[in-house]
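**Q** coords please:
(one chain, ligands or ions: 1)
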Amino acid sequence: MLIRAENLQAVMARLMRAAGTEAGAAEIVATDLLEANLQGHDSHGVQLAGRYALNILAGKLKPGANAQVVRQDGAIIVVDGGMGFGQVVGRQAMELAIAAARQSGVGLLALRNVHHLGRIGAYGDCAVAAGMLSIHFVNAVTGPAVVAPFRGSQPRFGTNPICIAIPATAPGGAPLILDFATSALAIGKVRVAHAAGKQVPEGALVDHTGTPTTDPASMYGGGPRGALLPFGGHKGSGLALICEILGGALAGGGTNQPGTPNDRGIVNGMFAIVVDPARFGDLEAYRAEATAMVEHVKTSAPGGEQPVLVAGEQERITKAARLRDGIYVPDATWEELCAAAAEAGLGRAEMTTLAGV
Ligand code: NAD
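**A** Just a heads-up that it's a prediction; the model follows:
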């Protein structure tokens, strides 16, 4: 079904409130999930709202938790998220890192024990809104690991995303928001393909023997589990490990090694570097050079029918279309949301009315 953006936001906020979230936090979470859908990242949008509600009801996600500073040492800030909403605690933690960057030119944030941070670009957006650059390494400990290392067949990593955000360098320009998982494919897309009886693209999966496959049943068929592959062979695999070390070990919430409990819900850890570009000297020269380079990239003649894009552009294109046309929510996703809502005491009739469907 197609649901208009504002209606979808109302559904998600109501569901979060029904599960025990106060109104302000419920709006922040709903806005963040909606933004992921609007930008085309459905794996990180509305389909998560049901799991969030169930995790609150199970006591795994603490909807009232706020960022707690464990340690501050110059520009270094260590924050415990108390298993609160990533969308709430992550933004609070970013504000602390941005304040440190304003003061000393750089803020180094280690965020641990936080429930799902969602789209990591959201935290890049926070930095960019403050005129800062940011770099984020994130690990995810969400049940058994799903991504195998290069040449491996058994999973060892989460889908561990990386984000690099650069504020617009030209007046009226757009920021660069580079934001992706280090797996070749989002795990949510494998699940969707399995439910639909479809294959996934080549190069994304191996079965439990390490043999390449396009069959999502190798992950969800009930037999011995295969693994997602990292993107870019040894390069993505290397970055996935760095996310574990920085986002899990240095930040202190734990990595995907067997000694870390993996039944705590959707748990992220994030190491973020926030940098004030004005502290490097000639801000105007930097901006002019960066703008010239982005323009140069964009003038490369397309090799096919699609235009050359830079980081963040595809998301802006998708957002404009979805604000206009609405957001497609598959029936299976809607049913999952209604089932979670029922657990939280929220009836299907109210969900349907809010969705306007
Ligand atoms: P993706 O593969 O769609 O890549 C997105 C990135 O590539 C964006 O920066 C985008 O602007 C850029 N891009 C897309 N098309 C482009 C083109 N034609 N030319 C140039 N650049 C282009 O992203 P993904 O790996 O599916 O990740 C989706 C989202 O999932 C991200 O927001 C990520 O943070 C999030 N995620 C979160 C977690 C978590 O644990 N919280 C885990 C994995 C992923």
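**Q** can you list contacts of stretch 95-112?
**A** With Cβ atoms under 8 Å, 6 or more residues apart in numbering as the test, stretch 95-112 has contacts from 67, 69-70, 74-81, 89-90, 93-94, 126-127, 130, 132, 134, 250-253, 268-276, 279. Placement of C-beta: from N, CA and C, glycine included.
**Q** Just the residues you listed: which are in strands?
**A** Secondary structure from DSSP state E places 69-70, 76-80, 134, 268-275 of these in strands.
**Q** Show me just the buried residues among these.
**A** Buried positions within the ones in strands among the contacts of stretch 95-112, assessed by neighbour count (16 or more other Cβ atoms under 10 Å), are 77-80, 134, 268-275.
**Q** can you give me the helices in this structure?
**A** Using DSSP state H, the helices found in the chain span residues 5-18, 23-38, 49-57, 86-104, 121-129, 187-195, 217-220, 234-243, 283-298, 313-325, 331-343, 348-355.
**Q** hang on, the earlier thing: restrict the ones in strands among the contacts of stretch 95-112 to contacts with the ligand.
**A** Subset of the ones in strands among the contacts of stretch 95-112 in contact with the ligand: residue 268, counting by Cβ under 6 Å from any ligand atom.
**Q** which of the ones in strands among the contacts of stretch 95-112 lies closest to the ligand?
**A** Nearest to the ligand among those: residue 268, at 5.1 Å, using Cβ to the nearest ligand atom.
**Q** If that closest one is in a bridge, with which residues?
**A** For residue 268, the beta-bridge partners under DSSP bridges are residue 114, residue 140.
**Q** Spell out which residues of this structure are next to the ligand.
**A** Counting by Cβ under 6 Å from any ligand atom, the chain sits next to the ligand at 41, 43-44, 116-121, 138, 140, 159, 161, 163, 177-181, 186, 268, 309-312, 314-315.
**Q** Contact partners for the residue nearest to residue 72 when sequence neighbours are not counted?
**A** Setting aside the residues directly before and after it, residue 72 is nearest to residue 78 in space (Cβ to Cβ, 6 or more residues apart in numbering), at 7.5 Å. Neighbouring residues of residue 78 by Cβ under 8 Å, 6+ apart: 69, 70, 71, 72, 110, 112, 251, 252.
**Q** The first one: what's its closest spatial neighbour, skipping adjacent residues?
**A** Of all residues not flanking residue 69 in the chain, residue 79 sits nearest, at 5.8 Å (Cβ to Cβ, 6+ apart).
**Q** wait, doesn't the one you found sit right on residue 72?
**A** No: look at residue 79 against residue 72 with Cβ atoms under 8 Å: they stay out of range, at 9.3 Å.
**Q** Got the domain ranges for this protein?
**A** 1-58+326-357, 75-183+239-314, 187-229 (automatic domain parsing).
**Q** Minimum distance to residue 320: which of those has it?
**A** Smallest distance to residue 320 across those (Cβ to Cβ): 9.0 Å, for domain 1-58+326-357.
**Q** since we're on residue 338, how many residues are nearby?
**A** By other Cβ atoms under 10 Å, 19 other residues sit near residue 338.
**Q** Apart from its chain neighbours, what residue comes closest to it?
**A** Per Cβ to Cβ, 6+ apart, closest to residue 338 is residue 348, 5.0 Å.
**Q** ok, that neighbour - how many residues close by?
**A** So residue 348, with other Cβ under 10 Å, has 14 neighbours.
**Q** Quick check: it touching residue 341?
**A** Yes: counting by Cβ under 8 Å, residue 341 is a contact partner of residue 348 at 7.2 Å.
**Q** one step back: want to try CSV for the domains of the chain, with mean pLDDT as columns?
**A** Shown next, in CSV, are the domains of the chain (pLDDT from 0 to 100):
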stretch, mean pLDDT
domain 1-58+326-357, 96
domain 75-183+239-314, 97
domain 187-229, 90
